[in-house]
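In: sequence and predicted structure, then a few things I'm wondering about:
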Amino acid sequence: MHRLSSSFVLGYHGCDRDVAEKLLAGSEFNQSQNVYDWLGPGIYFWEANPQRGLEYAALLKRLGRGKIRKPAVVGAVIELGLCLDLTTSTSNEPLVEAHKKLSSIHEEADLALPENSGDMMRRDLDCAVIRILHKIREDAGEQQIDTIKGAFIEGEPIYPNSGFRTETHIQICVRTPQSIKGVFRVRS
């Protein structure tokens, strides 16, 4: 974890147009609490990528998930604060320790560990590890993690034999809503 990144980043949140208008009018973001959320509980943004936010909202509409009738995207100014930055090696050790703790708890209770799906679209294990990391920090009286940032390689190769993928992105999970310093309308 660190505070080494630039102080503010722009994030983009895919949602329904009515939700976007409410957010722009001052409503608060809802935090996701799914057991498969890649970066644990929080408010999810696509860093510097409004198009992916809009594409995600459109995907949710096609899949019939959520309440999206008209896909939209809203921008936000996010102060990273204390960031669990999974794009750097500084986050490895805390996650390894959290995984050990989670494994120990499940072993003592004779329960199987949660698993990530084979296509890595559902991250039950990763979510559980991040949740236990938050609990470890809380129990130790340490400062709450404000944001979590991770890179995700997804999609098809952009050309034959390419290492670059069509849906690669940086995701930011905001845990402390005060880290969202403002919202803005995204131009078409």
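Out: Yep, that arrived.
In: mind listing the helices for the chain?
Out: 17-24, 50-63, 92-108, 124-139 (DSSP state H).
In: nearest to V183, of these?
Out: helix 17-24 (5.4 Å; C-beta to C-beta). All C-beta spots, glycine's among them, are computed from the backbone N, C-alpha and C.
In: ok, and for the closest one, which residues are buried?
Out: The neighbour-count check on helix 17-24 (16 or more other C-beta atoms under 10 Å) flags V19, A20, L23 as buried.
In: make a markdown table out of the helices of the chain and add distance to G155 and mean pLDDT.
Out: Below are those laid out as a markdown table (distance: least, C-beta to C-beta, whole Å; pLDDT from 0 to 100):
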| stretch | distance to G155 | mean pLDDT |
| --- | --- | --- |
| helix 17-24 | 25 | 98 |
| helix 50-63 | 10 | 95 |
| helix 92-108 | 25 | 97 |
| helix 124-139 | 19 | 97 |
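In: possible to save those as CSV with distance to I158?
Out: CSV is the format used below for those (distance: least, C-beta to C-beta, whole Å):
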stretch, distance to I158
helix 17-24, 29
helix 50-63, 14
helix 92-108, 29
helix 124-139, 26
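In: show me the shaky parts of the chain.
Out: 1-6 (pLDDT under 70).
In: swap in 90 and give it another go.
Out: Residue ranges of the chain with pLDDT under 90: 1-7, 36, 65-67, 118-122, 187-188.
In: need the strands for it, in chain order.
Out: Taking DSSP state E to define them, one finds strands in the chain at 8-16, 43-47, 71-79, 83-85, 147-152, 169-174, 180-185.
In: ok, back up a step: export the buried residues of helix 17-24 to JSON lines and tack on distance to C83?
Out: JSON lines is the format used below for these (distance: C-beta to C-beta, whole Å):
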{"residue": "V19", "distance to C83": "26"}
{"residue": "A20", "distance to C83": "25"}
{"residue": "L23", "distance to C83": "22"}
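In: circling back to that earlier point, nearest to S7, out of the helices of the chain?
Out: Of the helices of the chain, nearest to S7 by C-beta to C-beta is helix 50-63, at 20.6 Å.
In: what's the closest one packed up against?
Out: Applying 3 or more C-beta pairs under 8 Å, 6 or more residues apart in numbering; DSSP states H and E, one finds that helix 50-63 makes contact with strand 8-16, strand 43-47, strand 71-79.
In: ok so, going back, dump the strands of the chain into JSON lines; add mean neighbour count as well.
Out: As requested, the strands of the chain are arranged in JSON lines below (neighbours: other C-beta atoms under 10 Å):
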{"stretch": "strand 8-16", "mean neighbour count": "22"}
{"stretch": "strand 43-47", "mean neighbour count": "23"}
{"stretch": "strand 71-79", "mean neighbour count": "21"}
{"stretch": "strand 83-85", "mean neighbour count": "24"}
{"stretch": "strand 147-152", "mean neighbour count": "21"}
{"stretch": "strand 169-174", "mean neighbour count": "22"}
{"stretch": "strand 180-185", "mean neighbour count": "14"}
